[in-house]
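Participant: Sequence and predicted structure, then a few things I'm wondering about:
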Amino acid sequence: MILNGKTLSEKRLNLLKEEIEESGIHPSLATVLVGEDPASQMYVRMKHKACEKVGITSVRAELPAEATTAEVLATVQKLNDDPDVSGILVQLPLPPQVDTQAVIDAVSPEKDVDGFHPVSIGRLYSGHPELVPCTPQGIMTMLAEYGIEIAGKNAVVVGRSVDVGRPMAALLLNADATVTICHSRTRDLTRIMQQADILVSGIGKARFVTGEMVKEGAVVIDVGINHDENGKLCGDVDFDSVVGKASAITPVPGGVGPMTIATLMENTLKAARARSCNPAQ
Ligand SMILES: NC(=O)C1=CN([C@@H]2O[C@H](COP(=O)(O)OP(=O)(O)OC[C@H]3O[C@@H](n4cnc5c(N)ncnc54)[C@H](OP(=O)(O)O)[C@@H]3O)[C@@H](O)[C@H]2O)C=CC1
Ligand SMILES: Nc1nc(=O)c2c([nH]1)NC[C@@H]1CN(c3ccc(C(=O)N[C@@H](CCC(=O)O)C(=O)O)cc3)C=[N+]21
């Protein structure tokens, strides 16, 4: 079974559009882009396009590549204070002179649609999530939509970043999987991956996961967005050698990526709803 994130995300966006129309709420997303990295520019464009599709107002703040931490913090503060903004997304990575953690910490937790703020992470890890990072939340949506059971399964997450690996592991644990988190210092990685009923790879290495590393019947989720030696877009998973063994697999492109964007829209509505219940925030 190929888990089609493109079709599913379109379905979710259409539902969301209706939900927003009926809600009488006017959600809005602010993006903060520092510098001119072409990939970041493309992602921000994709996010604004999705906003347009579902009826979320979007505003963009753009700062030059030389911006200081203080300047980025001032931009975030302005958006925190703006009652018309429901969600704030600071596109990562930030240039090296900017203190990324200080910027993430500055986003008001109520507007933290990326789910990267320590308050959001703490809620997720304590089993009471509010706003959850979009990529792993999108993966959970995909597993649910395709009827893939999680409770009691051995889940192996490769990668431990704040945007992918850590929140993915927390969500799978909250859903009663037995979770192992692997990273670049993990010994016997292949042996651990071979135990996985659900294998999530978010490492950023083109076609790293091959057929012999995967158990027969495993569900394989490929978060990686890489370019191979010919410049072709590909995931962390060597699709051709894994597809015959996996019971379900996500392609790249058209798998996890589109679900990330759809989930960002869902998080923005969620943040807007919470504020409309408590406008004083
Ligand atoms: N589809 C989507 O929506 C998204 C896709 N991505 C993609 O996912 C990938 C990962 O992104 P991100 O988490 O931000 O990346 P990071 O570079 O922040 O994290 C990579 C993780 O992989 C681990 N790792 C690297 N090499 C190996 C290895 N050989 N064996 C085991 N573990 C390894 C690292 O370990 P250590 O901690 O020890 O360094 C680290 O924890 C990238 O390709 C990125 O483009 C990211 C976000 C969203
Ligand atoms: N604050 C912040 N939040 C993020 O969520 C965030 C970020 N910074 N920085 C970069 C990563 C990466 N990311 C992706 C989103 C969509 C696709 C996506 O839709 N990809 C298409 C392919 C697009 C292409 O052609 O390259 C697909 O997989 O089908 C991929 C990657 C969000 N990120």
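Facilitator: Everything's here; your move. Ligands and ions are numbered 1, 2, ... in the order given.

Participant: What pLDDT is listed against the residue of the chain at minimum distance from ligand 2?
Facilitator: Among residues of the chain, the one nearest ligand 2 by CB to the nearest ligand atom turns out to be residue 257. It sits 2.3 Å away. Placement of C-beta: from N, CA and C, glycine included. Residue 257 is assigned a pLDDT of 98 by the prediction.

Participant: and what of residue 156?
Facilitator: 99.

Participant: how deep is the residue of the chain closest to ligand 2 tucked in, by neighbour count?
Facilitator: Neighbours of residue 257 under the rule other CB atoms under 10 Å: 23.

Participant: buried residues in the helix or strand hosting it?
Facilitator: Here residue 257 sits within helix 256-277, counting by DSSP states H and E. By neighbour count, and taking 16 or more other CB atoms under 10 Å as the criterion, the buried residues in helix 256-277 are 256-272, 275.

Participant: do stretch 216-226 as well
Facilitator: In stretch 216-226, counting by 16+ other CB under 10 Å, buried: 218, 219, 220, 221, 222, 223, 224, 225, 226.

Participant: give the contact list for the third one.
Facilitator: Just to be clear, that refers to residue 220. 199, 201, 209, 214, 237, 242, 246, 248, 249, 250 (CB atoms under 8 Å, 6 or more residues apart in numbering).

Participant: Same check on the fifth one?
Facilitator: The neighbourhood of residue 222, defined by CB under 8 Å, 6+ apart, consists of 201, 209, 235, 236, 237, 239, 249, 250, 251, 252, 255, 256.

Participant: Which of these sits closest to ligand 1?
Facilitator: Distances from those to ligand 1 were compared by CB to the nearest ligand atom; the smallest belongs to residue 256, at 4.2 Å.

Participant: unless I'm mixing things up, that closest one is touching residue 236, no?
Facilitator: No. Under the criterion of CB atoms under 8 Å, residue 256 makes no contact with residue 236, lying 10.4 Å away.

Participant: how about the residues of the stretch 151-281 of the chain near ligand 2?
Facilitator: For the stretch 151-281 of the chain, the residues in contact with ligand 2 (CB under 6 Å from any ligand atom) are 225, 233, 252, 253, 254, 257, 258, 260, 261.

Participant: ok, now with 8 Å
Facilitator: Taking CB under 8 Å from any ligand atom as the criterion, the stretch 151-281 of the chain approaches ligand 2 at residues 163, 225, 233, 252-258, 260-261, 264.

Participant: next one: stretch 119-128 to chain centre, how far?
Facilitator: Distance of stretch 119-128 from its chain centroid, counting by CA atoms, centre = their mean, to the nearest Å, is 16 Å.

Participant: same question, stretch 267-281
Facilitator: Taking CA atoms, centre = their mean, one finds stretch 267-281 lying 20 Å from the centre of the chain it belongs to.

Participant: Tell me if it is near ligand 1.
Facilitator: No. Applying CB under 8 Å from any ligand atom, one finds that stretch 267-281 is not in contact with ligand 1, the shortest distance being 13.5 Å.

Participant: please renumber so the chain begins at 100
Facilitator: All right, first residue 100 from here; so that's stretch 366-380.

Participant: Output that stretch as PDB - backbone C-alpha positions only.
Facilitator: Extracted in PDB, the C-alpha atoms of stretch 366-380 (Å, rounded to 0.1, in the frame of the first residue of the first chain):
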ATOM      1  CA  ASN A 366      -2.800  24.100  13.600                       C
ATOM      2  CA  THR A 367      -3.500  27.700  12.500                       C
ATOM      3  CA  LEU A 368      -7.200  27.100  12.800                       C
ATOM      4  CA  LYS A 369      -6.700  25.500  16.200                       C
ATOM      5  CA  ALA A 370      -4.700  28.500  17.500                       C
ATOM      6  CA  ALA A 371      -7.400  30.900  16.100                       C
ATOM      7  CA  ARG A 372     -10.200  28.900  17.800                       C
ATOM      8  CA  ALA A 373      -8.400  28.900  21.100                       C
ATOM      9  CA  ARG A 374      -7.900  32.700  20.900                       C
ATOM     10  CA  SER A 375     -11.500  33.300  20.000                       C
ATOM     11  CA  CYS A 376     -12.500  31.400  23.200                       C
ATOM     12  CA  ASN A 377     -10.100  33.600  25.100                       C
ATOM     13  CA  PRO A 378      -9.500  36.800  23.200                       C
ATOM     14  CA  ALA A 379      -7.700  38.400  26.100                       C
ATOM     15  CA  GLN A 380      -4.600  36.400  25.300                       C
END
